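*Asks:* I need the structure of the sequence given here:
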Amino acid sequence: MRTLIVIPARMESTRFPGKPLAKIAGREMILRVLDNLPDYETIVATPDKAIYCVVKKAGYGTFLTRTNCPTGTDRLVELSKYIDADIYINVQCDEPLIEQSDISIVDNCKKEYYDYVIGAVCRIENDPNDVKCILNGTDLSAISRVTYRQRGIYALNEEDLRLFGQAQNTEKEHIEITRFMEMGLPVKMAVIANTPDVNIYSDIQIIEKRLLC
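*Replies:* Down below sits the predicted model:
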């Protein structure tokens, strides 16, 4: 089966404009993500020529998308119309410490449960003696002694992307996994390592310290 890693990226970010090209220890963040996945076929999907040129110059694959894609997965929908694969894995450009082994976990989960949308979570360190409540507004959704953080990594097939593109874009804050849930599609979550991502500029210092360890 052909697995294609797609990294959607754009320069316009509310919290951190220009984030994909922000340098971490002298190298652009998006290139660090690509560098971490040497055994996978990768491509960057972006509407921005600045990102396109940096990625292409570094020798990685690139694909120019339209500018009005509301989410990263919408960029995968567009790309899938031109590039065939059995599995498309959406990896966010702000995951400079992502491990190839984590992507393999998500990839293998999709191969085992091909008819499921696969997301990724990491376990948050906390006190197992505390009982956690998961709320939807003020409604109780679940009780657990373990909590997880959602990661922006999704494994999808062509049919998943086709349905995603056809569905109404109603998810709050452009969290793609909620669109699949609202569509009633089955979703499984793969548990991967807890590595920090980059949301705001100050997060870069955290990443650089981890790289020095």
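*Asks:* helix or strand: which one has the nearest residue to residue 165 once chain neighbours are set aside?
*Replies:* Here the nearest residue to residue 165 in space, its sequence neighbours aside, is residue 77; by C-beta to C-beta, 6 or more residues apart in numbering that works out to 3.9 Å. Where you see a C-beta, it was placed from the backbone N, CA and C, and this is true even at glycine. Secondary structure assignment for residue 77, by DSSP states H and E: helix 72-80.
*Asks:* hmm, back to that, look at the residue nearest to residue 165 and report its pLDDT.
*Replies:* For residue 77, the pLDDT comes out at 95.
*Asks:* could you pick out the longest strand of the protein?
*Replies:* strand 147-156 (DSSP state E).
*Asks:* for that one, which strands pair with it and how are they oriented?
*Replies:* According to DSSP bridges, strand 147-156 has the following sheet partners: strand 87-91 (antiparallel), strand 117-124 (antiparallel).
*Asks:* shaky segments in the protein?
*Replies:* 168-174 (pLDDT under 70).
*Asks:* tell me the residue in it that is farthest from the middle.
*Replies:* residue 129 (31.1 Å; C-alpha atoms, centre = their mean).
*Asks:* helix/strand/coil for it?
*Replies:* coil (DSSP: H, G, I helix; E, B strand; the rest coil).
*Asks:* re earlier: what's the helix holding residue 77 in contact with?
*Replies:* 6, 8, 43, 45-47, 63, 65-66, 69, 88, 90, 92, 152, 154, 156, 158, 161-162, 164-165, 169, 176, 179 (C-beta atoms under 8 Å, 6 or more residues apart in numbering).
*Asks:* now do stretch 199-213
*Replies:* For stretch 199-213, using C-beta under 8 Å, 6+ apart, the contacting residues are 15-16, 22, 24-25, 29, 94, 96-97, 195-198.
*Asks:* hmm, try it at 6 Å
*Replies:* For stretch 199-213, contacts defined as C-beta atoms under 6 Å, 6 or more residues apart in numbering pick out 15-16, 24-25, 96, 196.
*Asks:* what's the answer for stretch 141-154, then?
*Replies:* Under C-beta under 6 Å, 6+ apart, the answer for stretch 141-154 is 90-92, 106, 119-124, 126, 128, 132, 134.
*Asks:* over to stretch 121-130?
*Replies:* Residues contacting stretch 121-130 (C-beta under 6 Å, 6+ apart): 145, 147-151, 189, 191-192, 194.
*Asks:* okay, buried residues for that stretch please.
*Replies:* Within stretch 121-130, the residues that qualify as buried are 121-122, counting by 16 or more other C-beta atoms under 10 Å.
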